[in-house]
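Asks: Give the three-dimensional model of this entry:
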Amino acid sequence: MRIVFMGTPEFAVPSLDMLVREGYDIAAVVTQPDKPKGRGKKLAAPPVKEYALKKGIDVLQPEKVKTTDFVNQIRNIEPDLLVTAAYGKILSKELLEVPSLGCINVHASLLPKYRGAAPINWCIINGEKITGVTTMLTDEGMDTGDILLKKQVEITDQMTAGELHDILSVVGAEVLKETLIKLKDGTLQREPQNDEEATYAPMIDKNIGKIDWNKPAQEIHNLVRGTNPWPVAYTFYKGDRMKVWKTRIAGEEYAHKKPGTICKITKEELIVATGDGFLSIIEVQFDSARKMGINECWHNLDEEEVLE
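Replies: Residues are numbered from 1 along each chain as shown. Below you'll find the model as predicted:
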């Protein structure tokens, strides 16, 4: 089976690695162009490109995938199958029709829930307890193709988006492996998605991390988890931006305070009033400073201050 693999970030690497280890014929890897990264804005290769080059696989980095030139480039490779995992762009009908077996996508949610670019973040922000990975037969829509296989994963109370990402990337490779086995032996079944059950997970940006202390403690806790490691939830302490990396729901009750008020400071945590309940802040980061536990900075913070 001759495969062209399309993926970009770290999430896609375990799936590509599985294909290599299982001996599939990877004719080419398609990934997004190198992008400026860090303070120096030096061009950095996507993780998928770095892996592919180490394995001696040809890498293509088109600026656009809906051009006739790119479609012809893939057509000349004569793949039997396209496999995509977090590639980052919707593919054209012309491209999807090139391989005889179509295109299989690895998506980090239980479709039709959380179609879109950021399912891992949004399922945590929304307080989901279960998510997973779906392999699907790609069509022209955004994660709308027929479902092939699914595997569930539990989301624990303290799990962050980064931790869930790492779990789902490995599970994705496992589900892809099983999908291809069933494809080869002729037992793979396809199930149309129920569009009425669909929800969406749009791309997130830095603005989503601003904490609204009028919301319940659980919602704020979910936001902190769902934006870790990026873009990271934040608030303002005495006018200074303070990223909030880690929280927990405070089990204790305190006198009613205005939401955002620091009710208690210990050597391990800040207890903050919210619109419903109290939130314990455990790890923070001020601008131009490193991430630190409250045990390192509690003596510089004041009770009764209101976070904004």
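
Asks: longest single helix anywhere in the protein?
Replies: In the chain, assigned by DSSP state H, the helix with the most residues is helix 161-185.

Asks: which element follows that helix toward the C-terminus?
Replies: Scanning forward in sequence from helix 161-185 by DSSP states H and E, the next helix or strand is helix 217-226.

Asks: how many degrees apart are that next one and helix 161-185 in direction?
Replies: 70 degrees (axes from the mean of the first three to the mean of the last three C-alpha atoms, to 10 degrees).

Asks: What are the contacting residues of helix 217-226?
Replies: 121-127, 158-161, 208-209, 211-213, 233, 244-250, 274, 276-279 (C-beta atoms under 8 Å, 6 or more residues apart in numbering). C-beta: built from backbone N, CA, C; applies to glycine.

Asks: Output it in PDB with nothing but the alpha carbons.
Replies: The C-alpha trace of helix 217-226 is given here as PDB (Å, rounded to 0.1, in the frame of the first residue of the first chain):
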ATOM      1  CA  ALA A 217     -14.900  28.000  40.000                       C
ATOM      2  CA  GLN A 218     -15.300  24.900  37.900                       C
ATOM      3  CA  GLU A 219     -15.500  26.800  34.600                       C
ATOM      4  CA  ILE A 220     -12.400  28.800  35.400                       C
ATOM      5  CA  HIS A 221     -10.600  25.600  36.400                       C
ATOM      6  CA  ASN A 222     -11.500  24.100  33.100                       C
ATOM      7  CA  LEU A 223     -10.300  27.200  31.200                       C
ATOM      8  CA  VAL A 224      -6.900  26.900  33.000                       C
ATOM      9  CA  ARG A 225      -6.600  23.300  32.100                       C
ATOM     10  CA  GLY A 226      -7.800  23.800  28.500                       C
END
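
Asks: next SSE after it?
Replies: Downstream of helix 217-226 (by DSSP H and E), the next one is strand 233-237.

Asks: Okay, angle between the helix or strand just after that next one and strand 233-237 too, please.
Replies: Per DSSP H and E, the first helix or strand lying C-terminal to strand 233-237 is strand 240-249. Strand 240-249 runs at 120 degrees relative to strand 233-237, counting by the same axes, to 10 degrees.

Asks: now for strand 240-249, which elements pack on it?
Replies: In terms of contacts (3 or more C-beta pairs under 8 Å, 6 or more residues apart in numbering; DSSP states H and E), strand 240-249 is packed against helix 217-226, strand 233-237, strand 278-286.

Asks: circling back to that earlier point, now do the longest helix of the chain: which elements does it pack against?
Replies: Judged by 3+ C-beta pairs under 8 Å, 6+ apart, the packing partners of helix 161-185 are helix 13-21, strand 81-85, strand 103-107, helix 119-125, strand 130-137, strand 147-154.

Asks: can you rerun that using 7 Å?
Replies: helix 13-21, strand 103-107, helix 119-125, strand 130-137, strand 147-154 (3 or more C-beta pairs under 7 Å, 6 or more residues apart in numbering; DSSP states H and E).
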